[in-house]
Every structure is written in structure tokens, then in C-alpha cells.
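Asker: Requesting a structural model of the entry that follows:
(4 chains)
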Protein chains: 2
Amino acid sequence: MARAVPETHDDILAAAARRFAVTGYRGTSLQDIAREVGCSKAAVLYHFANKEAILTELMARPIEVLEALDERIAAHRGADAQRVAAEGFVDLAVRFRREIALLRGEFPELLQQPAFAHIQRISERLIDAFAGQPERPSARITALVLLAGISETCGEFVDVPDEELRAALLALVRRALEPVD
Amino acid sequence: MARAVPETHDDILAAAARRFAVTGYRGTSLQDIAREVGCSKAAVLYHFANKEAILTELMARPIEVLEALDERIAAHRGADAQRVAAEGFVDLAVRFRREIALLRGEFPELLQQPAFAHIQRISERLIDAFAGQPERPSARITALVLLAGISETCGEFVDVPDEELRAALLALVRRALEPVD
DNA sequence: CTTCGATCTGACCGATCGGTCAGGCTCTGA
DNA sequence: TCAGAGCCTGACCGATCGGTCAGATCGAAG
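Answerer: Below is the predicted model:
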């Protein structure tokens, strides 16, 4: 390397973002990041206090925007708050979708394990069936959001009776899905 | 322990499920599981070939059901396939929501880190605003599914232009959200 | 009483983790 | 010319990981 202007800091950030997105935060070692940058692990820890500091700096901007959205929501009531939240959250998710993806964690990695190899294919078909007309991007987006959202959150509702949860989710899905013509 | 009938196998499975749900798969060591069961780490590895074998056995039933759903979907076309997929997936997610939660990974753990401590509170308010009338369980479910689903999947659509993705997500949210009265 | 297989343990292994440290290199300014 | 700041390295540290192994303990069968 040798005095290549201090762009190393940003190189490390970019490399960490790429690695985190693929193998998750825990699944990415400082060694991995250093290898991707092309420097030593010690050099990474020269530019950042520790591993967590890299993640913190990567997420700094999206967190700022999230906090700003929180304040805007707090300044509204009822349907207004709902509209602000919907538009604000969608906007935030779109703008920082790469950073948010870094938090997805080990789910993708687990799917790589031999025991779950074929799940990938199955979920592809599941998405197609959900979308109805998979060639339309918006149909695919709707399907994926519903599938992932339900997968991610169902575990939160252990206290809700099965039938009630099932009914609420089905009603949501019927409302959200675009009809197949 | 000493000859307490071979219910140890199931005890290990149950303990692993509890730990995985809290700290994730990677974040849970064999030592952690052994401590929760009240036996040695070697005893855990006597009943299971390795760590992955525990996860595989925990997920065996839900994977069976998913495969069965896949076959049922493949046997239908168009709107029929959509209905089968919607009902089947919701049913699967509800029945195995505890197992599915084991795969959520490190997201919850990351939120515990001091740097992201206040995010919990913020997302609570975000959910309330989304739900409109947070006292209704179905409104909360809708909100959480949309929020988590969007967070989880946005990273998949790096190739879709911002405006197109934003429009598709907003349309989905408007369709799915129950109006505030 | 002896044997045997199932169950379980503590000690141990190599690998890898995040992080530290002393020192070397190179560019800059006095 | 030389001191010093900035940048970077290889060697090293303690901790923890998943996994192995020889042997202790125990109940049942002969």
C-alpha cells in the first residue's frame, strides 16, 4: 500500500459493506474484510476502534434519517400519522436498502447449508405463485414483501391464537395481492 | 443426570430451540445448549452428530410441510395457484412460527447493541403509526408484516429503479393498510 | 456376580475469533 | 538533514468455538 492517500478508511467501509451483505455481521471476520481491502487486519483496526465501529459508521446515515422520520410522525395524529409513516418508511427502506440488507443476518447463509439447499428453488416458485403474474415487477415485490414479512414477524405473535392470527394474515394477503387476470 | 430415561435427546432439542430463538444459530454455542439442559457439551454431541444436526432435526417437520405445499402449488394454475399458495403459506407460517423464528438470525441481537438501543422504541412507534389503531391485533399484525417484509426484501431489488420500487411498495402499503376511522 | 451396552463426563485438540503491541516505512516540514 | 507524524505490518495474546476421546457410571440380562 504505502502512502496511497488515506482512502483506506473508505475502502474498508465499502469492503465491510460488501462482506456483511453476503455473510452477515457475525459471519464476517476482520480478516475477511482485510483480505477484501488488500491490507492487514491490524490496518483495519488502525482505522476503526473495533469491529462494531465499522457497522456503526455504515449505519450512521440511515439511523439519522430514521430518527428524523420518528420526529415527523410524532408531530402528526391519526390518518396523517399513518400517511407520514407509510411514505417515510417506504422512502427510507428504498434509499437505504443496501445498508438495511446488512442486518439480514444469517438467513441467507443458512440457506446455503446443504440441508436447506433446495429451499431456494421452492421459495422461488412460492413467490411466482404469490405474484400471479411474475413478469410484472410490482407483483413480484408484493409477493416477496408479504412472504418475508410474514416469515419474519410470525414468531412475534406466539400469544395470539392460531385462528385469529391466521385470519388476520389471510385478510391482509387478500387485500394486498393483485388479482390474477 | 445419571440414567434419567433417554428423554435427554428431546430436552436438548427443546433447549436448543429456546436458545436459537434468543441468540440465533451462530450466537448459540454447544456450551450454551448444554448449560440450559444441565448436562455436558459432550453429552449434547453424544445425542447429535454435530451442531448442524440439531438445527436440521428442529426444522425437519416445517420443511416437510413446505415441500408438500410446493407440490400442491405445482398442481394448480393461475388464480387457483395463488389461492393455494396464500392459504398454504399463511397456514405454514402460523403453525411453525416458532421454528421459523429460529432463522431470524442476528437482527434481534444487533438491536441489543448499545449503538442501536433506542431503535427498539422508535420501531414501536412506527408500528403504532402504521397500525393506525394499535389496540386492534389485526392492525398491529398488518403493520408489522409490512414493516418487516419491506425491510427484509428491499435489499433484493437493487436493480429496480428507486421510483419504480417506491411506487410499487407505496401501492402495496395503501392496499394492505386498514384505514383509520 | 459378571458382563455388556447405553449414557455421560472431564480433559483435551486445532482453528479461529477480536484485539494489542512494538516497530518499520514513507512523506512532510523545519 | 533529520525529527516526527501518519500509516501499516507481523507476531502475538487470551478467549471461545466445534468436535474428539478414554474412561467412569449405571441398569439390565445372563
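
Asker: how close does residue A:67 sit to chain B?
Answerer: Going from residue A:67 to chain B by Cβ to the nearest Cβ, to the nearest Å gives 7 Å. (Each C-beta comes from the backbone N, C-alpha and C, glycine too.)

Asker: Neighbours of that residue, how many?
Answerer: Close neighbours of residue A:67, defined as other Cβ atoms under 10 Å in any protein chain shown, add up to 12.

Asker: okay but it is in contact with residue B:122, surely?
Answerer: Yes - using Cβ atoms under 8 Å, residue A:67 is in contact with residue B:122, at 7.0 Å.

Asker: any idea which helix is longest in chain A?
Answerer: For chain A, the helix reaching the highest residue count under DSSP state H is reported as helix A:51-74.

Asker: So what's the gap between that helix and the chain middle?
Answerer: Mean-position distance between helix A:51-74 and its chain equals 14 Å (Cα atoms, centre = their mean, to the nearest Å).

Asker: so does that helix get close to DNA strand D?
Answerer: No - using Cβ under 7 Å from any atom of the strand, helix A:51-74 never reaches DNA strand D; the gap is at least 12.4 Å.

Asker: and that helix with DNA strand C, contact?
Answerer: Yes - using Cβ under 7 Å from any atom of the strand, helix A:51-74 comes into contact with DNA strand C via A:51-52.

Asker: Now do that helix: which elements does it pack against?
Answerer: In terms of contacts (3 or more Cβ pairs under 8 Å, 6 or more residues apart in numbering or on different chains; DSSP states H and E), helix A:51-74 is packed against helix A:8-23, helix A:78-95, helix A:97-101, helix B:119-131.

Asker: ok, residues contacting that helix?
Answerer: With contact meaning Cβ atoms under 8 Å, 6 or more residues apart in numbering or on different chains, helix A:51-74 is reached by A:12-13, A:16-17, A:20, A:25, A:30, A:33, A:44, A:48, A:81, A:84-85, A:88-89, A:92, A:95-96, A:99-100, A:102, B:110, B:113, B:115-116, B:119, B:122, B:125-126, B:129.

Asker: Spatially nearest residue to residue A:90, not counting backbone neighbours?
Answerer: residue B:169 (4.6 Å; Cβ to Cβ, 6 or more residues apart in numbering or on different chains).

Asker: Please spell out which residues along the helix or strand containing that neighbour are buried.
Answerer: If you go by DSSP states H and E, residue B:169 is part of helix B:162-176. By neighbour count on 16 or more other Cβ atoms under 10 Å in any protein chain shown, the buried set for helix B:162-176 is B:165-166, B:168-169, B:171-173, B:176.

Asker: and that helix, what's its mean pLDDT?
Answerer: Helix B:162-176 shows a mean pLDDT of 87 in the predicted model.

Asker: now do stretch A:44-64
Answerer: 92.

Asker: related to what we said a few turns ago, of all the helices and strands packed on helix A:51-74, which one is nearest residue B:159?
Answerer: Closest to residue B:159 of the helices and strands packed on helix A:51-74 is helix A:97-101 (Cβ to Cβ; 11.2 Å).

Asker: who's in contact with that closest one?
Answerer: When contacts are defined by Cβ under 8 Å, 6+ apart, helix A:97-101 is touched by residues A:17, A:21, A:58-59, A:61-62, A:93, B:151, B:154-158.

Asker: Give the buried residues for that helix.
Answerer: With burial defined by 16+ other Cβ under 10 Å, the residues of helix A:97-101 counted as buried are A:97, A:99-101.

Asker: Pull out the CA atoms of it and give them to me as PDB.
Answerer: The C-alpha coordinates for helix A:97-101 follow below in PDB (Å, rounded to 0.1, in the frame of the first residue of the first chain):
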ATOM      1  CA  ARG A  97     -31.900  -0.800   1.200                       C
ATOM      2  CA  ARG A  98     -28.300  -1.800   0.800                       C
ATOM      3  CA  GLU A  99     -27.500  -0.800   4.400                       C
ATOM      4  CA  ILE A 100     -30.600  -2.400   5.800                       C
ATOM      5  CA  ALA A 101     -29.700  -5.600   3.900                       C
END
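
Asker: Show me how far that helix is from its chain's centre.
Answerer: The answer for helix A:97-101 is 5 Å, by Cα atoms, centre = their mean.

Asker: Please apply the same query to stretch A:162-173.
Answerer: Here stretch A:162-173 is found 24 Å from its chain centre; the criterion is Cα atoms, centre = their mean.

Asker: mind listing what the residue nearest to residue A:90 touches?
Answerer: When contacts are counted by Cβ under 8 Å, 6+ apart, residue B:169 touches A:90, A:93-94, A:141, A:145, B:150, B:154.

Asker: Check residue A:15 and give its pLDDT.
Answerer: Residue A:15 is given a pLDDT of 96.

Asker: cool, residue A:114 as well?
Answerer: pLDDT at residue A:114 comes out at 63.

Asker: can you check residue A:88 too?
Answerer: For residue A:88, pLDDT reads 81.

Asker: What number of residues are in the vicinity of it?
Answerer: 19.
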